[in-house]
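Engineer: quick check, what structure comes out for this input:
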Amino acid sequence: MATANLLFLLGLLGLVIGAIFHVLQSGFLTLFLRGFADIGQLFIRQSKTLREENERLRSDESLSAWKTSMFRHLKVYTSGCGAGLILCSMILMGMS
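Structural biologist: Below you'll find the predicted structure:
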């Protein structure tokens, strides 16, 4: 019984993490997070070189493609593992 509960809890955690990756990948919070970054720039000074490097990283196509691919894979893996753990906990509960 305790094992089934733990598997169910871990499955829910996996599904929540997968949902967070989905929301981040969809761009729903982009404006919100960008607003905090803009506010942070008012309080924290950056050198000209650091600003140029950040701009270069933002415009790098291969880096943004890698990030998109990584978020997609993490979303699929965590959601799949979460669903599998919940299914295992239901099977374990049915057996006992």
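Engineer: packing partners of the helix ranked longest in the chain?
Structural biologist: Across the chain, the longest stretch assigned as helix under DSSP state H is helix 61-95. Judged by 3 or more Cβ pairs under 8 Å, 6 or more residues apart in numbering; DSSP states H and E, the packing partners of helix 61-95 are helix 2-26. Using the backbone N, CA and C atoms, a C-beta is placed for each residue, glycine as well.
Engineer: spatially nearest residue to the residue most central in space within the chain, not counting backbone neighbours?
Structural biologist: Taking Cα atoms, centre = their mean, the centroid of the chain lies closest to Phe21, which sits 2.9 Å from it. Sequence neighbours aside, Lys75 is the residue nearest to Phe21 in space, at 4.0 Å (criterion: Cβ to Cβ, 6 or more residues apart in numbering).
Engineer: helix or strand with the lowest mean pLDDT in this protein?
Structural biologist: helix 30-43 (a mean of 85; mean pLDDT, DSSP states H and E).
Engineer: how far off centre is that one?
Structural biologist: Distance, stretch centre to chain centre, for helix 30-43: 19 Å (Cα atoms, centre = their mean, to the nearest Å).
Engineer: returning to what we had before: so who does the residue nearest to the centre of the chain touch?
Structural biologist: Residues counted as contacts of Phe21 (Cβ atoms under 8 Å, 6 or more residues apart in numbering) are Phe71, Leu74, Lys75, Thr78.
Engineer: how far away is the closest residue to the second one other than its chain neighbours from Ala4?
Structural biologist: So the one you mean is Leu74. Spatial nearest neighbour of Leu74, chain neighbours left out: Phe21 (5.1 Å); criterion: Cβ to Cβ, 6+ apart. Phe21 is 26 Å from Ala4, where distance means Cβ to Cβ, to the nearest Å.
Engineer: Ile44 too?
Structural biologist: 48 Å.
Engineer: just the CA coordinates of the least confident helix or strand of the chain, formatted as PDB?
Structural biologist: C-alpha atoms of helix 30-43 as PDB (Å, rounded to 0.1, in the frame of the first residue of the first chain):
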ATOM      1  CA  THR A  30       7.400  35.000 -21.900                       C
ATOM      2  CA  LEU A  31       6.100  38.500 -21.400                       C
ATOM      3  CA  PHE A  32       5.800  38.000 -17.600                       C
ATOM      4  CA  LEU A  33       9.400  36.700 -17.300                       C
ATOM      5  CA  ARG A  34      10.700  39.300 -19.700                       C
ATOM      6  CA  GLY A  35       9.200  42.000 -17.500                       C
ATOM      7  CA  PHE A  36      11.100  40.700 -14.500                       C
ATOM      8  CA  ALA A  37      14.300  40.700 -16.500                       C
ATOM      9  CA  ASP A  38      13.700  44.300 -17.500                       C
ATOM     10  CA  ILE A  39      13.100  45.300 -13.900                       C
ATOM     11  CA  GLY A  40      16.300  43.500 -12.900                       C
ATOM     12  CA  GLN A  41      18.200  45.600 -15.400                       C
ATOM     13  CA  LEU A  42      17.200  48.700 -13.600                       C
ATOM     14  CA  PHE A  43      18.800  47.500 -10.300                       C
END
